[in-house]
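Visitor: using only what follows, build the 3D model:
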Amino acid sequence: MKKPVVFLDRDGVLTVEKGYILPLEEVECYPFVKKCIEEIHQKGYLAIVVTNQGAVARGYFTEEKLIYLHEQIKREINVDAIYYCPHHKEGKVEKYAVDCNCRKPKLGMIEQACNQFEIDMENSYMVGDRASDIELGKNAGVKTILVESGYGSKKMEYDIQADFTVEDLREAVKIIENRQ
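Guide: Here you go, the predicted structure:
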């Protein structure tokens, strides 16, 4: 049976936006995130993270360190999956310095999720804090929620309109609950 998904950006939505975080051990989840993920699950949604992590391509840390961090986050807040794009066409690490199909707003990470899970896209959401998150959601045909907890509307890289704009993930979860 297909399930709807709340696709979630990582930085600025689940974790405190700090730019490129070095060392990775300083990545910090917002204190309310675990409860929000529980509420998403209680409403019958999967919680799947889709995150651009171009710092790997830039050589700031290895993909192995990123995978380790994501395993910790997954355990800590109980998301169903984390998909990431380590690529950036202007990267310094040749292996990752490519123009790929997984970097948001392209659909590669959503396609990976659809290959792993039976997803009801018609009733799914994308929650993010950047223009590329909202554009990804629109490209995927899901409802979009912009959160102000990260970059938000004041630092949008280009003009794109989310279906909803809220303060943080707590308010996004309320919108999802009220639209069922």
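Visitor: so how far is residue 94 from the closest residue to residue 12 other than its chain neighbours?
Guide: With sequence-adjacent residues excluded and distances taken as Cβ to Cβ, 6 or more residues apart in numbering, residue 12 is closest to residue 150, at 1.6 Å. Every residue, glycine included, has its C-beta placed from N, CA and C. According to Cβ to Cβ, to the nearest Å, residue 150 stands 30 Å off from residue 94.
Visitor: looking at the two, which one has more neighbours?
Guide: Under the criterion of other Cβ atoms under 10 Å, the comparison of residue 150 against residue 94 puts residue 150 first, with 22 against 8.
Visitor: residues in contact with residue 124?
Guide: Counting by Cβ atoms under 8 Å, 6 or more residues apart in numbering, residue 124 makes contact with 4-7, 45, 140, 142-143.
Visitor: ok so, going back, am I right that the residue nearest to residue 12 is in a strand?
Guide: No: assigned with DSSP: H, G, I helix; E, B strand; the rest coil, residue 150 falls outside any strand and is coil.
Visitor: next up, the contacts around it.
Guide: Counted by Cβ under 8 Å, 6+ apart, residue 150 has contacts 9, 11-13, 17, 128-130.
Visitor: how much space separates it from residue 130?
Guide: 7 Å.
Visitor: and residue 137, by the same measure?
Guide: Distance, residue 137 to residue 130, by Cβ to Cβ: 11 Å.
Visitor: now do residue 93
Guide: 23 Å.
Visitor: who has more neighbours, those two?
Guide: residue 130 (26 against 16).
Visitor: so what's the more buried one up against?
Guide: Contact analysis of residue 130 by Cβ under 8 Å, 6+ apart lists 9, 12, 150-151, 155-157.
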